[in-house]
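# Just the structure for this:
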Amino acid sequence: MTSDRKAAIAAYKERQTIAGVFVIRCRATSETWVGQAPNLEKIQNRIWFSLRQGSHTCRSLQAAWAAHGPDSLTFEACERLEEDETPYIRDALLKERALHWRSQFGAEAV
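Presented below is the predicted three-dimensional model:
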């Protein structure tokens, strides 16, 4: 294995992920969904993939996707958590903050 490849692998393993809370909105219906993720950078891709496949577990989000298409949905991060939290504390904090944002927006859980 070359040193460049070893360095790239090491950098990938050491990368910092940003946990947080996100909101998905439907422009056509004004529906809102809020969820939490340990990695905000990758969650949109995962959700959009399952929506394209027709297999997302949130039925109302899947119905909005089917009725209005992907261009009617927007994704944005509401809150990012500090990186130095332990996984247990991070997960508890994510749940707490997601509940806060759901009540703030009157949103469903994703």
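# Just want the most central residue of the protein.
By CA atoms, centre = their mean, the chain has its centre lying nearest to residue 43, at 3.8 Å.
# residue contacts, the closest residue to residue 60 other than its chain neighbours?
Excluding its sequence neighbours, the residue lying closest to residue 60 (CB to CB, 6 or more residues apart in numbering) is residue 108, at 6.0 Å. Any C-beta I mention is one placed from the backbone N, CA and C, and that applies to glycine too. Shown in contact with residue 108 (CB atoms under 8 Å, 6 or more residues apart in numbering): 31-34, 58, 60-61, 102.
# What is the neighbour count of residue 75?
For residue 75, the count of nearby residues is 15 (other CB atoms under 10 Å).
# For it, which residues are in contact?
So residue 75 contacts 22-24, 44, 47 (CB under 8 Å, 6+ apart).
# where does the residue nearest to residue 60 fall, phi/psi-wise?
phi -90, psi 160 (degrees, to the nearest 10).
# now swap in residue 55 and tell me
Residue torsions, per degrees, to the nearest 10, at residue 55 are phi -120, psi 20.
# how far is the lowest-mean-pLDDT helix or strand in the chain from where the chain is centred?
Ranking every helix and strand in the chain by mean pLDDT, DSSP states H and E puts helix 3-14 at the bottom, with a mean of 80. Taking the mean of its C-alpha atoms, helix 3-14 sits 26 Å from the chain's own mean (CA atoms, centre = their mean, to the nearest Å).
# ok, now stretch 98-110?
Offset of stretch 98-110 from its chain centre (CA atoms, centre = their mean): 13 Å.
# Pull out the buried positions in it.
Buried positions in stretch 98-110, judged by neighbour count with 16 or more other CB atoms under 10 Å: 98, 101-102, 107-108, 110.
# out of the residues you listed, which one sits closest to residue 54?
Using CB to CB, residue 110 is the member of the buried residues of stretch 98-110 that lies nearest residue 54, at 16.0 Å.
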